[in-house]
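[1] Here is the input, now give the coordinates:
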Amino acid sequence: MSKASGGATLDAGLHLVSTPLGNARDITLRALDVLRDADLLVAEDTRSLRRLMNIHGIPRAGRRIMAYHDHSGERDRRAVLEALRRGESVAYTSDAGTPLVADPGFALVQTVIAEGHRVVPVPGPTALVAALTVAGLPCDRFAFAGFPPSKRKARKRFLARLADVPDTLILYESPRRTGATLQDAADALGADRPAALCRELTKKFEEIRRDTLGALAESLADKPLKGEVVLLIGKSEAPPDPERVEQALREALKTRNLRDAASDVASRFGLSRRDIYQLGIKIGG
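    Alright, predicted model coming up:
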């Protein structure tokens, strides 16, 4: 264990440290403590972490910052494991926000868990939650779908599968594809669906647009964007297609018992579990 501020100790393990989205002051005191006291620093972008530490006056104290990103492999994971086997504390940060949420690190965490080492959350900023709170869309149920595929055909299939999700949808998107994705979403989900576009959250040029999918798509058809983008889409008010519901239930019944299948399908479409259960009895009869 390494010494921490105030005489406490930082336990051995992989500490997943959330960092600011843009405003350097959006960091927790605990995150600063962990970055100050970890034995090994690991970052998706070493320059970003070095800059953040400089802003907050955290000395490296001879520690190197190891890179771990999308292209990292077994060799890099092995280096982290070796540190953990020595009983060291490891701090891992993504470029911005919470590690692993549409960011690298999943394979690393899986490997660390498989070896029996501790994984510690150090919570903080997450773009999807920040966007959800200001979008003006229902927050009681939401589904985060990550980044849509970059190819249009695959993206349209991806969006079509979200059509019956009875929750607020949250997507991350590249600024250069945002206009095309909004148009594809309007086509697949309905141009009248309420939506919000949140760009450059917590930064100088923060922008939040609220309108329908169709209106947002039209306004951005020929306008290139810059910066990080979060798209949010309100749930559909139209009832789901009965044929799609029945088809989904038939598929679910191939691998689940009636009770579990009915529960899963009811949750997916926002319908009564009792009604879906009765439909299952009818199908089975």
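
[2] Quick one: end-to-end length of stretch 247-263, please.
    15 Å (Cα to Cα, to the nearest Å).

[3] mind checking how far residue 171 is from residue 189?
    According to Cβ to Cβ, to the nearest Å, residue 171 and residue 189 sit 11 Å apart. No exception for glycine: its C-beta is placed from N, CA and C like everyone else's.

[4] do the same with residue 210
    For residue 210, the distance to residue 189 equals 16 Å [Cβ to Cβ].

[5] These two: which is more packed in?
    residue 189 (22 against 17; other Cβ atoms under 10 Å).

[6] Please spell out which residues along the one helix or strand residue 262 maps to are buried.
    Residue 262 is part of helix 258-269, with elements assigned from DSSP states H and E. Buried residues in helix 258-269, counted by 16 or more other Cβ atoms under 10 Å: 258, 261, 262, 264, 265, 266, 268, 269.

[7] ok, and the closest non-adjacent residue to residue 281?
    Distances taken as Cβ to Cβ, 6 or more residues apart in numbering put residue 258 closest to residue 281, at 7.3 Å, once the chain neighbours are dropped.

[8] Repeat that for residue 134.
    Per Cβ to Cβ, 6+ apart, closest to residue 134 is residue 208, 5.8 Å.

[9] so the one you found sits right up against residue 200, yeah?
    No - using Cβ atoms under 8 Å, residue 208 makes no contact with residue 200, being 9.7 Å away.

[10] ok, which stretches of the stretch 1-150 of the chain are helices?
    Applying DSSP state H, counting those that start in this stretch to the stretch 1-150 of the chain gives helices spanning 29-37, 46-55, 74-85, 106-114, 127-134.

[11] For residue 245, give me its contacts.
    265, 269, 271, 276, 279 (Cβ atoms under 8 Å, 6 or more residues apart in numbering).

[12] For burial, what's the neighbour tally of the third one?
    When you say that, I think you mean residue 271. So residue 271, with other Cβ under 10 Å, has 18 neighbours.

[13] I'd guess it is in a strand, am I close?
    No - according to DSSP: H, G, I helix; E, B strand; the rest coil, residue 271 belongs to no strand; its state is coil.
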